[in-house]
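J.: Make a model of this:
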Amino acid sequence: MKVVVTSSGADLNAPSSPVFGRCPVYVFVDTDSMEFEAVPNPAISASGGAGIQAAQFVVEQGAEAVLTGNVGPNAFGVLQAAGVPVFLTKGGTVHEVVQAYMAGSLQTVGGANVQAHTGLRPSGGMGRGIGMGMGRGMGMGRGMGMGAAPSVPVMPSEGVSRGDELAALRQAADELSQKLADVTKRMDELSGEK
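T.: As a prediction, this is how the structure comes out:
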C-alpha cells in the first residue's frame with residue numbers, strides 16, 4: 001500500500017510534520033517494501049488554496065492514505081472525495097509514523113481537525129483581540145499588531161535539504177509580505193476615516 005507522510009525532511013529518519021497543506025516534504029512510502037520517494041511540497045508557497053493543491057497532488061501521486069498531524073477542511077474535502085483516508089500522527093520520524101500506521105495504532109479522522117488557513121500563521125489565522133490599537137484601547141481585533149511573532153518556520157537543520165529550507169523560507173517571506181500588505185491597507189483605511 002502506498003501511504004504519504006507529511007515530513008520536515010527527505011528520508012525515513014526525518015521528523016514528521018504536523019501540518020498537511022504547507023509541510024516542506026511529502027514522503028510516499030510503500031508499506032510492503034518500505035521503499036520511499038520524498039517530494040518537495042509544490043503547494044508550500046501558494047498564496048492561497050495550499051491545502052486543496054496539496055491534497056490534489058498527493059492523490060495524483062497515488063497515495064492510498066495520508067498520515068499527518070493536522071488537516072484542514074478544504075484539504076480533507078478533496079481527500080475524502082478521492083476516497084483517501086486521513087490518519088492522525090503524534091510526531092516521530094517518518095519511519096515511526098509508518099510503523100504506527102501498520103500496527104493499526106493511528107486514529108482515522110472523519111473530518112478536518114483544524115480550521116482553514118491554520119498553516120499560514122502560528123495563531124491559526126488573523127488572530128482576535130490584539131493589535132492595531134497601539135496601546136490606546138483602539139484594538140480592532142485584527143491580530144496584526146507589533147506583538148505578533150513572525151511566522152518563520154522552525155526547521156531542524158539535520159536531514160533538511162537546502163532546497164526544503166529555501167522553500168520554507170520563501171513561504172515565510174510570502175506570509176510576511178502578506179502581513180505587511182494587510183497592515184498597510186488598514187493604515188490607509190484609517191487615514192481616510194478622519
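J.: in this protein, which spans are helices?
T.: Remark: helices assigned in the chain by DSSP state H are 50-60, 73-81, 94-102, 162-191.
J.: In JSON lines: those, plus mean pLDDT and distance to residue 22.
T.: C-beta: built from backbone N, CA, C; applies to glycine. Output for those, formatted as JSON lines (pLDDT from 0 to 100; distance: least, Cβ to Cβ, whole Å):
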{"stretch": "helix 50-60", "mean pLDDT": "93", "distance to residue 22": "5"}
{"stretch": "helix 73-81", "mean pLDDT": "92", "distance to residue 22": "10"}
{"stretch": "helix 94-102", "mean pLDDT": "97", "distance to residue 22": "17"}
{"stretch": "helix 162-191", "mean pLDDT": "71", "distance to residue 22": "6"}
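J.: could you dump these to CSV with mean neighbour count and distance to residue 43?
T.: As requested, the helices of the chain are exported to CSV (neighbours: other Cβ atoms under 10 Å; distance: least, Cβ to Cβ, whole Å):
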stretch, mean neighbour count, distance to residue 43
helix 50-60, 22, 4
helix 73-81, 19, 10
helix 94-102, 20, 19
helix 162-191, 14, 10
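J.: Out of those helices, which is closest to residue 11?
T.: Of all the helices of the chain, helix 94-102 sits nearest to residue 11, with 7.2 Å by Cβ to Cβ.
J.: Extract the CA atoms of that closest one and return them as CSV.
T.: Below are the C-alpha coordinates for helix 94-102, written out as CSV (Å, rounded to 0.1, in the frame of the first residue of the first chain):
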residue,chain,number,x,y,z
VAL,A,94,8.5,9.2,9.1
HIS,A,95,9.5,5.6,9.7
GLU,A,96,7.9,5.6,13.2
VAL,A,97,4.7,7.0,11.8
VAL,A,98,4.5,4.4,9.1
GLN,A,99,5.2,1.6,11.7
ALA,A,100,2.4,3.1,13.9
TYR,A,101,0.1,3.0,10.8
MET,A,102,0.9,-0.6,10.0
